[in-house]
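S.K.: below are the sequence and a predicted model for it; my questions follow.
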Amino acid sequence: MFLKKSNFIVADSSFYLCFLEDIKRPDILILMLAEFEFAIGGKIHSEISRCEHYKSIDANEHLTILSDYDFSEALRPFFSKYENIKGEGEAIALAVILFGLHKLDKLILDENEPRRWVENNLPHLIPIMIGTVGFIGKCCYEFHVLDKEESLQILSEIQKSPFRVTDKVLNEVRSLIN
């Protein structure tokens, strides 16, 4: 059962899609999965499992898929149809449950509206909330999962990809890495 595992990282689908689809670097996601425990719900799993490179993380022992429950249902009215389909509400609801069980390390959210909603309604999650690009930075300078050169290369790939992130955020993380 997932409760026996250490603390989890809960991320929205854009985190996984960044590596599996946008920059086509499942190797980086595999490195992260080797170091951390991740938990996802059924909506996010459904979205990322359609990716060409999903097979590279399918059945990874550090990815716990909790698809028996619709975690997002309680938060559905607070998010747009698009955000509900992509699983932001699911990620937040799962994070709340794991936080309550003292089993949450990080909540990775990239979309502005869900981030603001957390800030306004769940301020206890603010200290552990981060975006994909910020998490890549922490994987370099705090967790030492990625080296400096590799991290900067990933940020360059993200900047050229369809992944939506501002140059300001990319430059802030680059500064922290350097």
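M.R.: Arrived safely.

S.K.: could you point out the helix or strand that follows the lowest-mean-pLDDT helix or strand in the chain?
M.R.: Across the helices and strands of the chain, the lowest-confidence element by mean pLDDT, DSSP states H and E is helix 81-86, at a mean of 55. Per DSSP states H and E, the first helix or strand lying C-terminal to helix 81-86 is helix 88-100.

S.K.: show me which residues of that following helix are buried.
M.R.: For helix 88-100, burial by neighbour count (16 or more other Cβ atoms under 10 Å) applies to Glu88, Gly89, Glu90, Ala91, Ile92, Ala93, Leu94, Ala95, Val96, Ile97, Leu98, Phe99. Every residue, glycine included, has its C-beta placed from N, CA and C.

S.K.: pick the one among these closest to Ser6.
M.R.: Comparing the buried residues of helix 88-100 against Ser6 with Cβ to Cβ places Leu98 closest, at 11.3 Å.

S.K.: could you pull up the residues touching Asn60?
M.R.: Ile30, Leu33 (Cβ atoms under 8 Å, 6 or more residues apart in numbering).

S.K.: secondary structure class for it?
M.R.: coil (DSSP: H, G, I helix; E, B strand; the rest coil).

S.K.: and it, how close does it get to Leu176?
M.R.: 28 Å (Cβ to Cβ, to the nearest Å).

S.K.: all helices for this structure, in order.
M.R.: 13-17, 26-35, 42-48, 81-86, 88-100, 112-121, 132-141, 148-159, 167-177 (DSSP state H).

S.K.: buried residues in the third one?
M.R.: Translated: helix 42-48. Gly42, Lys43, Ile44, His45, Glu47, Ile48.
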